[in-house]
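A.B. asks: Model the structure of this input:
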Amino acid sequence: MDITFIDQTKKVTSEELKLVEDLLSFAGKRLDLADDTMMSVTFMDNQAIQEINRDYRGKDMPTDVISFAIEEGDEEEFFFDDDIEQLEEVRDLGDIMISIERAREQAEDFGHSYERELGFLALHGFLHINGYDHMTPEDEAEMFGLQKEILDSYGLRRE
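C.D. replies: As a prediction, this is how the structure comes out:
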């Protein structure tokens with residue numbers, strides 16, 4: 001998987017980047033995604049994610065993770081047939097934005113490691129850009145079950 005990382009905070013370590021990259025690659029294999037699948041992960045602070053949350057979701061407060069799936073909606077409304085064929089050759093899932101400040105706060109609140117929380121948030125956003133959601137109890141059970149299965153099998157169990 002081709003993951004573009006953007007660290008707006010300049011505080012994410014190479015070990016943390018590797019953790020997120022390895023976890024998302026592991027999850028990509030679990031979902032049978034092609035090796036050339038693309039996506040981006042941006043690490044930001046609470047103020048930056050609050051602006052995005054306000055502008056795109058109408059919620060003027062910081063959040064932990066926001067994802068924007070490229071493939072949401074009906075592709076045929078936006079692309080010509082030739083563009084769809086090209087799009088299918090290299091699949092761009094979308095963008096995940098993570099507040100590392102919220103990740104640290106939540107890790108402390110939940111009593112587990114920052115690495116576990118960072119992995120959880122990255123995977124949560126990843127599942128969203130792959131079409132999973134938790135709007136209904138059935139969807140929530142499916143998404144959270146898969147999330148737990150991937151985190152546990154990767155080795156990021158909740159303590």
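
A.B. asks: For the closest residue to Ser113 other than its chain neighbours, give me its contacts.
C.D. replies: Among residues not flanking Ser113 along the chain, Ala107 sits closest, at 6.1 Å (CB to CB, 6 or more residues apart in numbering). Every residue, glycine included, has its C-beta placed from N, CA and C. For Ala107, the contact set (CB atoms under 8 Å, 6 or more residues apart in numbering) comprises Ser113, Tyr114, Arg116, Glu117, Leu118.

A.B. asks: For the residue most central in space within the chain, grab phi and psi.
C.D. replies: Centroid-nearest residue in the chain: Gly125, 2.5 Å away (criterion: CA atoms, centre = their mean). The phi/psi pair for Gly125 (degrees, to the nearest 10) reads phi -60, psi -40.

A.B. asks: Test my guess that it contacts Ile66.
C.D. replies: Yes: here Gly125 lies in contact with Ile66, judged by CB atoms under 8 Å, at a distance of 7.3 Å.

A.B. asks: can the contacts of Ala107 go into JSON lines with extra columns for pLDDT and neighbour count?
C.D. replies: Shown next, in JSON lines, are those (pLDDT from 0 to 100; neighbours: other CB atoms under 10 Å):
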{"residue": "Ser113", "pLDDT": "94", "neighbour count": "14"}
{"residue": "Tyr114", "pLDDT": "96", "neighbour count": "15"}
{"residue": "Arg116", "pLDDT": "96", "neighbour count": "19"}
{"residue": "Glu117", "pLDDT": "97", "neighbour count": "24"}
{"residue": "Leu118", "pLDDT": "98", "neighbour count": "26"}
